[in-house]
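A.B. asks: take a look and give me a structure for this.
(2 chains)
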Amino acid sequence: MMMKSMLGVIDATTYKDDLEELIAHRSLAGLPIAGRYRLIDFVLSNMVNSGIGSVAIFPKYQYRSLMDHLGSGKNWDLDRKRDGLFFFPASITDGTSEGIGSFNQFAANIDYFLRSKQEYALVANCYTVFNMDFSPVLERHLQSGCDITEIRSGGESLEIYLVKKSLLVDLIQTRDITGYTCMKDIKLDIHHNYKICDYEYTGYAEKIDSISTYFRVSNEILKMSIWSQLFLKDRPIFTKVKDEPPTHYTTTSEVKNSMIANGSVIEGKVENSIIARAVKIGKGSTIKNCIIMQKCTIGDNCELDSVILDKDVIVENGTKMNGNLNSPFVVRKGTVQGALMNS
Amino acid sequence: MGKKRCVAMLLAGGKGSRLYSLTKSLAKPAIPFGGKYRIIDFTLSNCANSGIETVGVLTQYQPLVLNSYIGIGSAWDLDRVNGGVTVLPPYSESSEVKWYTGTASAIYQNINYLSQYDPEYVLILSGDHIYKMNYESMLEYHIDKKADASISVIEVPWDEASRFGIMNTNKNMDIVEFEEKPKNPKNNLASMGIYIFKWKVLKKLLEEDNLNKNSSHDFGKDIIPLLIEQNKKVVAYPFEGYWKDVGTVQSLWEANMDLLDEKSELNISDYDWRIYTVNPNQPPQYISEEATVKESMINEGCIISGNIEKSIVFQGVNVGNGTVIRNSVIMPDAEIGENVYIEKAIVPSNIHIPDGMVIKPNNKTDEVVLVTEEMVNELIS
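C.D. replies: Predicted coordinates:
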């Protein structure tokens, strides 16, 4: 029952310029990854799998697709009579905040913190790919008597903080006096008066903050050693389920080292790639080192290497597109790519 | 309860004894089908897609998996404030437990369920067929024809007609005679086990039939003949399209293989007629460097390192290096080792096939192999 006493707080306000081509239409939290997930699925599922029953999400930019994705929280078992999933969009008058856990936005919804019975709060970012159990963090936090525990990975902050809820409420309410705008500010202030402890997480954890990390992490997920750290039978990553039929392979399909989601029809060659739901790949086409998002249609005899296709892209027959492993070629959502355009 | 125009009653209590070990601990409608679904998904999705929002599901044989699978019906969007899905198991009444002794007795014992919706029409369905059908169109036909009962029929090849319940019709599609498995069929319209009745008419018939000690309380054998005998208007509703009774190992295998046939009429990728199912939350399938996959359907959560050809692979299946799977159906969470050879087989859920095992049909009979734990143990020793 101990975990019942932790609130989950997900800061979904983050915007990263280096991801602009992929997040112009959506919040970073809603960025599709690993074929059928969105970034927020990892931290949200981790919270649920760690026994957290009340999660508040604070989005800011372009959150239509994020809201559509989360719905009532049912897919994460968070459509509850008591607690469950809460969605607190920022008001437009709020200024931008760079740090994790924007106190301004929390302040506008302070009732959530005051009404909740949980004693502790886990304040997390929305863009880390990991499968982590938070219960040992709370245990350590309680033993160490720290005011704030910061989760770190590979010597860097993961921008996830565990804090007593009463202290969090204090920090929110005194933000104008202290000048702290978010959790990060406290650690940055060398004169702070809090006991801040580190919790080093040793499993796989990567923050997606640029196209190149997005591309690199996607490639890493294809390695069984990483895949098996992220997708665990007893700690599944939940996502919005769709009623797509299984993926159909035809006589001409050749697939190697790839992850493929449901509803796709593969007639061509796919190598080292991640194919999302309901993608069509035509005959004679070769897809190499690519990330193809939902509902893209790739015609016949196309050649794509190191390309990211955002959702709903149509690639006409005979189109050739190339990026390279360090800088993939990104195609924006809903566009049509013709054979002549890139010749 | 609010009044409903049409309530569906889905008969899902069948044992399916010709599916042998597959139905040992599972009702036939709950058998996995098509890489992702269970057989009953087709009928429940048809209901949802036809706008039938009130469905009573009659369970009896091995109902544990089926009951928990159906739950409150949310997978099919049938969790409704008024109506929705209700699982109706047999129940005991004062001194005795009343098992469902026949399809008609199952409906008779749930007259109270139906009465609370006071429907004009009742749609009787069975949970063990693979097909897509708009029941709303059938209901319109039934109303147009001013029928007391409508029976959905499908044309079967003449040489197979003697295996089915055959409806003999006149030129207006009125049914004048019903023959169960006739030796010399006069017609090739087979009953699909889908009926629409005026509820008032059906209720009266069920009450009469219940008092008849000689009745087997079956729709085909007792209720339909009784309707014809009483000169009620019984019409045939001709259905065109894919329809398959998956009551045997052979037909279950065939229906799965039909999904791989590009010419098949059964399209499960139709956005306008989704086949809904309880979606397992699994990561995308992983096809390794060593794998080859041709003419197959593979579901999420699989890790494939072997060679898959013309096969259906359900969620959570692992296939090891060097393994060849051909013309087979691999059910959920099966573990297939390395260098295994499987041909023309149905491999049940959760089974472990050890490295190097060969499973293929007997050369003489070429019958589909239904793999069992016992078979695997025998092959090991």
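
A.B. asks: what's the closest non-adjacent residue to the residue nearest to the spatial centre of chain B?
C.D. replies: Nearest residue to the geometric centre of chain B (Cα atoms, centre = their mean): B:Asp128, 1.9 Å. Take B:Asp128 and drop its neighbours on the chain: the residue closest to it by Cβ to Cβ, 6 or more residues apart in numbering or on different chains is B:Lys28, 4.9 Å away. From N, CA and C alone the C-beta is placed, and that goes for glycine too.

A.B. asks: now do that neighbour against chain A, distance only.
C.D. replies: Noted for B:Lys28: a distance of 22 Å to chain A, by Cβ to the nearest Cβ, to the nearest Å.

A.B. asks: can you list contacts of the lowest-mean-pLDDT helix or strand in chain B?
C.D. replies: Scoring the helices and strands of chain B by mean pLDDT, DSSP states H and E places strand B:96-98 at the bottom, with a mean of 78. By Cβ atoms under 8 Å, 6 or more residues apart in numbering or on different chains, the residues outside strand B:96-98 that reach it are B:Pro90, B:Tyr91, B:Ser92, B:Ser105, B:Gln109.

A.B. asks: pairing partners for that strand, with directions?
C.D. replies: strand B:91-93 (antiparallel) (DSSP bridges).

A.B. asks: pLDDT (mean, whole number) over the strand it pairs with?
C.D. replies: What strand B:91-93 shows for mean pLDDT is 82.

A.B. asks: ok, stretch A:110-121 next?
C.D. replies: For stretch A:110-121, the per-residue pLDDT averages 95.

A.B. asks: what is the end-to-end distance of that stretch?
C.D. replies: The first and final residues of stretch A:110-121 sit 13 Å from each other (Cα to Cα, to the nearest Å).

A.B. asks: which parts of that stretch are buried?
C.D. replies: Residues of stretch A:110-121 classed as buried by neighbour count (16 or more other Cβ atoms under 10 Å in any protein chain shown): A:Tyr112, A:Phe113, A:Ser116, A:Gln118, A:Tyr120, A:Ala121.

A.B. asks: can you give me how far that stretch is from the chain middle?
C.D. replies: 24 Å (Cα atoms, centre = their mean, to the nearest Å).

A.B. asks: number of residues surrounding the closest residue in space to B:Pro280 that isn't next to it in sequence?
C.D. replies: With Cβ to Cβ, 6+ apart as the measure, B:Gln315 is the residue that lies nearest to B:Pro280, at 4.9 Å, once sequence neighbours are left out. B:Gln315 has 23 neighbouring residues, counting by other Cβ atoms under 10 Å in any protein chain shown.

A.B. asks: ok, B:Gln315 - contacts?
C.D. replies: Residues counted as contacts of B:Gln315 (Cβ under 8 Å, 6+ apart) are B:Gly35, B:Lys36, B:Pro280, B:Gln282, B:Asn299, B:Glu300, B:Gly301, B:Cys302, B:Pro332, B:Asp333.

A.B. asks: sorry, back to before: can you pick out the most distant pair from the buried residues of stretch A:110-121?
C.D. replies: A:Tyr112 and A:Tyr120 (14.6 Å; Cβ to Cβ).

A.B. asks: which secondary structure state does A:Leu158 sit in?
C.D. replies: Three-state call for A:Leu158 (DSSP: H, G, I helix; E, B strand; the rest coil): strand.

A.B. asks: wait, it sits on A:Ile151?
C.D. replies: Yes. Using Cβ atoms under 8 Å, A:Leu158 is in contact with A:Ile151, at 4.7 Å.

A.B. asks: overlap in contacts, those two.
C.D. replies: A:Tyr201.

A.B. asks: what count of nearby residues applies to the closest residue to chain A within the stretch 101-250 of chain B?
C.D. replies: Residue nearest to chain A within the stretch 101-250 of chain B: B:Lys132 (12.6 Å; Cβ to the nearest Cβ). Using other Cβ under 10 Å, B:Lys132 has 20 neighbouring residues.

A.B. asks: what's the answer for the one 3 residues further on, then?
C.D. replies: The number of residues packed around B:Tyr135, counting by other Cβ under 10 Å, is 22.

A.B. asks: ditto for A:Ser5
C.D. replies: Residues near A:Ser5, counting by other Cβ under 10 Å, number 16.

A.B. asks: tell me the pLDDT at it?
C.D. replies: 88.

A.B. asks: A:Ser116 is in contact with that one, correct?
C.D. replies: No. Contact criterion Cβ under 8 Å: A:Ser5 and A:Ser116 do not qualify, at 9.8 Å.

A.B. asks: report the separation between the residue in the stretch 51-200 of chain A that chain B sits nearest to and A:Ala29.
C.D. replies: Nearest residue of the stretch 51-200 of chain A to chain B, counting by Cβ to the nearest Cβ: A:Asn75, 7.5 Å away. A:Asn75 sits 15 Å away from A:Ala29, going by Cβ to Cβ, to the nearest Å.

A.B. asks: right, I'll leave it there.
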